[in-house]
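Undergrad: Structural data only, the sequence is not supplied:
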């Protein structure tokens, strides 16, 4: 939904900031002090102060392209035929504003955002509104996924300027985070505070954690909370508080999977639910959610051994590999919420691709399950997924009533209840539901698909590498690990410049699936480096191929060079060499994505353990000190950083396996390790066939850890003390379980 945040004057520029994708806020009037008319931006509708009517507002879509027609970003290209005289973010636009002494109209969004599409239809395609904008402003469009640095700067200003209670948590974070660095390491007390704060926000019926903006909805998955809570559980799993941490994770993950936020037909998860039951989603699917949720469901599987969670790992991986993967290994950004309901429709509708009428389902599944039974496949499916003749979406759900009479599939009961209801076995119900979903998937595939944002973002690919590598090892699927390795190779080939010694933020799919770049590639941001380093470390542990460890180290050195704040500690989000970035910010909030600083802290500790580079650990210590006040006062805002701090205090569990990489006995030991959730783990393979291993060269004590009687052998070390060598997988399992 679009709202005016206010006018800001910084240096020689005066900015009017419009953010296209935020949650509901009170309507705000803005009066331009140079005599321009007043405007009201409300619920994604731009209105002149005179009443709107069909007679005085015309919505036209000229075919002539504006300056955005030369861009690569799918979001900017969507606005290339607007009558608004859009500029991309560039020197030309800023210079024009300076010369003509005009305000800049800054509009920020992304290609799969539903409300951005509404804003375009109601405002930016309107000739009268475009005329006003073109006359009085220099209009700039920014893809927030392409330029998160610009997005953060002006969102930060708006939050500080407006002072809305909708941003109370973020304002608190900004205030606390700006306090000076402390050199004192926060204690483990902050982990207990974080647990208490998450417990107070937990919703016991449908799981999840209350949003700071609303007591019930929208509901976001927030994998950073799962990461922290699973970590706390593994430390002392038999304690009552640890069991509650586990319950909050498992209950929420199950309710999410049962809900409409999960695509029961085509797999994967939508960005968030608009209600407290995870029922009606905002239908866009984001790559960063898929990558993180694979890890969350893999964690749940490792802890509970419940195959249900392993199936969801497969579910998410299937969707991403099938629908979001470029043939050379990189992953696309997102799929839109909106699509045409029919092939001859002229307007897109949110959720059209995903929802069903009862009549459609009954027609497609109109077959009896056996000759002896009068039960139809549709009966089982409609019961299990709560399909109703009049639709299962209430009148206050969905935008503009577009979902009225439609069904968003949701499971309120487990499969055992459905089996009992139809007097069938669980396996029979499972078989019938699988057949029904297959039929509906085929039918749905004939519908017009939502728009695919085929921009390939480095940071989000890092999260996907991490999810596939960790998840593949957890569910013992080597193909997932191979896809993760392909994505890492893609980054090395297309998103890392050896000559410039830097990561790029994104690249694009051109004609014939050829990977292309903009004329001046966007340099990588902190998140690009931190998330890719994390992905490479997880990929190293899944493959034990030191190539990925060495690439991670190289990127960490570059991250330290480009982003480190030598004065106050921590990392800036941007480099210092962009003349148009008026403020370097530090991100200190773990939200839908973790912050770069939170991930960087864990990366530094992991690399320090692997490479015995003390300066990495020193930087982690300074990073914790930089956010000491936030860690102690509001740790719920940064659970991922709290988890890294817990790792620092607990010291890593170091596991060394001596044996040949492809030997059965070596893999038997590795499988035991991969089947356990050990958050503070480092894993090293001492392969006699790899005498040139860098880890062996630089860690002399590793040469003393040899296989016993030519059998693969494991050593488990903590607090500088190592176990006796073990060769039996059962003994290793017992040893690892005792370490918790």
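TA: Sure, I can see it. These numbers come from a predicted model, not from an experiment.
Undergrad: And the helices in the stretch 301-450 of the chain?
TA: Secondary structure of the stretch 301-450 of the chain (DSSP state H, counting those that start in this stretch): helices located at 307-323, 358-364, 377-384, 415-421, 426-445.
Undergrad: Next, format those helices as a markdown table and append mean pLDDT and distance to residue 197.
TA: From N, CA and C alone the C-beta is placed, and that goes for glycine too. Output for the helices of the stretch 301-450 of the chain, formatted as a markdown table (pLDDT from 0 to 100; distance: least, Cβ to Cβ, whole Å):
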| stretch | mean pLDDT | distance to residue 197 |
| --- | --- | --- |
| helix 307-323 | 98 | 26 |
| helix 358-364 | 97 | 43 |
| helix 377-384 | 98 | 36 |
| helix 415-421 | 96 | 34 |
| helix 426-445 | 97 | 38 |
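Undergrad: right, so of those helices, which gets closest to residue 513?
TA: Taking Cβ to Cβ, helix 307-323 is the member of the helices of the stretch 301-450 of the chain nearest to residue 513, at 14.6 Å.
Undergrad: which helices and strands does the closest one pack with?
TA: Helix 307-323 is packed against helix 240-258, helix 287-304, helix 458-474, helix 478-494, with contacts defined by 3 or more Cβ pairs under 8 Å, 6 or more residues apart in numbering; DSSP states H and E.
Undergrad: Low-confidence stretches in this structure?
TA: Flagging of the chain using pLDDT under 70 yields the residue ranges 1-63, 112, 114, 156-183, 211-217, 395-400, 580, 740.
Undergrad: so which of the helices and strands packed on helix 307-323 comes closest to residue 603?
TA: Here helix 458-474 is closest among the helices and strands packed on helix 307-323 (Cβ to Cβ), at 10.6 Å.
Undergrad: returning to what we had before: please indicate which of the helices and strands packed on helix 307-323 has the most neighbours on average?
TA: The highest mean neighbour count among those, using mean count of other Cβ atoms under 10 Å, belongs to helix 458-474: a mean of 29.
Undergrad: what packs against that helix?
TA: Packing contacts for helix 458-474, counted by 3+ Cβ pairs under 8 Å, 6+ apart, involve helix 287-304, helix 307-323, helix 478-494, helix 526-543.
Undergrad: Out of these, which gets nearest to residue 432?
TA: Taking Cβ to Cβ, helix 307-323 is the member of the helices and strands packed on helix 458-474 nearest to residue 432, at 16.5 Å.
Undergrad: tell me the angle of that closest one relative to helix 240-258?
TA: 50 degrees (axes from the mean of the first three to the mean of the last three Cα atoms, to 10 degrees).
Undergrad: Tell me how far helix 307-323 lies from the chain's centre.
TA: Relative to its parent chain, helix 307-323 has a centroid offset of 16 Å by Cα atoms, centre = their mean, to the nearest Å.
Undergrad: Kindly report the same for stretch 322-335.
TA: Centroid displacement of stretch 322-335 relative to its chain, using Cα atoms, centre = their mean, is 15 Å.
Undergrad: re the thing from before, any chance of the helices and strands packed on helix 307-323 in JSON lines with distance to residue 672 as columns?
TA: Shown next, in JSON lines, are those (distance: least, Cβ to Cβ, whole Å):
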{"stretch": "helix 240-258", "distance to residue 672": "21"}
{"stretch": "helix 287-304", "distance to residue 672": "12"}
{"stretch": "helix 458-474", "distance to residue 672": "12"}
{"stretch": "helix 478-494", "distance to residue 672": "17"}
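Undergrad: For residue 358, which of these is the nearest?
TA: Judged by Cβ to Cβ, the one of those that comes nearest to residue 358 is helix 240-258, at 19.6 Å.
Undergrad: residues contacting the closest residue to residue 677 other than its chain neighbours?
TA: Leaving aside its chain neighbours, residue 677 sits nearest to residue 302 (4.1 Å; criterion: Cβ to Cβ, 6 or more residues apart in numbering). Contacts here follow Cβ atoms under 8 Å, 6 or more residues apart in numbering; on that basis residue 302 touches 474, 675-677.
Undergrad: cutoff 10 Å now
TA: 230, 234, 309-310, 470, 473-475, 674-678 (Cβ atoms under 10 Å, 6 or more residues apart in numbering).
Undergrad: before we move on, what about residue 537?
TA: Listed by Cβ under 10 Å, 6+ apart, the contact set of residue 537 reads 465-466, 469, 548-549, 551-553, 556, 602-603, 606-607, 610, 682.
Undergrad: From residue 296, how far off is residue 224?
TA: Applying Cβ to Cβ, to the nearest Å, the value for residue 224 to residue 296 is 10 Å.
Undergrad: For residue 190, the count of nearby residues, please.
TA: By other Cβ atoms under 10 Å, 23 other residues sit near residue 190.
Undergrad: Can you name the residues that contact it?
TA: Residues in contact with residue 190, defined by Cβ under 10 Å, 6+ apart, are 624, 627-628, 630-635, 638, 641-642, 645-646.
Undergrad: and the gap between the residue most central in space within the chain and residue 260?
TA: By Cα atoms, centre = their mean, the chain has its centre lying nearest to residue 288, at 2.6 Å. With distances taken as Cβ to Cβ, residue 288 is found 20 Å from residue 260.
Undergrad: ok, back up a step: could you single out the nearest of the contacts of residue 537 to residue 667?
TA: Checking those against residue 667 with Cβ to Cβ, the nearest one is residue 469 at 16.2 Å.
Undergrad: Hmm, that closest one is touching residue 479, no?
TA: No: the pair residue 469 and residue 479 fails to qualify as a contact (Cβ atoms under 10 Å) at a distance of 11.8 Å.
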